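# A structural model of the following input is requested.
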Amino acid sequence: MLETNINSDISPDFHTARTVIGTAAAQVVTTPMPNALKGVQLKAGPTNTGIVYVGKSGLTAGSAAATDGLPLQAGEGLFIPIKDVSKVFAIGSAAAQDLYWLVV
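Reported below is the predicted structural model:
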């Protein structure tokens, strides 16, 4: 059974927003953010018509195996345990794809 330590496992705050992802790789969280305590939760918009790929700077959208990001279809989500959320990038297989995020 997984136990929760309230002193280290619970974040004192969180931040949320939506980033519109295009066909060029871009930072997901562009607003200055205090260091994340746990990471960032991502969720592809439920009405997206394309795939959002998530990864590091320089990622591609299903075109090169060595650099393709992790694909998220409409409504799919992902948690990335990372302190520096500015290192998370995304690219869409089509223009104007929504990617919602929550930094904890």
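
# need the contact list for Trp101.
Going by Cβ atoms under 8 Å, 6 or more residues apart in numbering, Trp101 touches 16-19, 28-29, 40-43, 85. Every residue, glycine included, has its C-beta placed from N, CA and C.

# tell me which element it is part of?
Taking DSSP states H and E as the criterion, the element that holds Trp101 is strand 97-103.

# how about that strand: buried residues?
Across strand 97-103, burial judged by 16 or more other Cβ atoms under 10 Å covers 97-101, 103.

# What pairs with that strand, parallel or antiparallel?
strand 15-21 (antiparallel), strand 40-44 (antiparallel) (DSSP bridges).

# Need the winner for burial among those.
Mean neighbour count (mean count of other Cβ atoms under 10 Å) peaks for strand 40-44 among the strands paired with strand 97-103, with a mean of 21.

# Name the surrounding residues that touch that strand.
Outside of strand 40-44, the residues within contact range by Cβ under 8 Å, 6+ apart are 28-29, 51-52, 54, 72-80, 82, 85, 88, 90, 97-104.

# Stretch 60-69 too?
Around stretch 60-69, the neighbours that count as contacts under Cβ under 8 Å, 6+ apart are 23, 25, 51, 53-55, 58-59, 71, 89-93.

# ok, what's across the strand from the residue nearest the centre of the chain?
With distances taken as Cα atoms, centre = their mean, Leu42 lies nearest the centre of the chain, 4.1 Å away. Each beta-bridge partner of Leu42 is listed here: Leu78, Trp101, as defined by DSSP bridges.

# For it, give its distance to Ala96.
17 Å (Cβ to Cβ, to the nearest Å).

# repeat for Leu78
20 Å.

# re the thing from before, widest-spaced pair of the contacts of stretch 60-69?
Of all pairs drawn from these, the widest gap by Cβ to Cβ lies between Ile51 and Gly58 and measures 17.7 Å.
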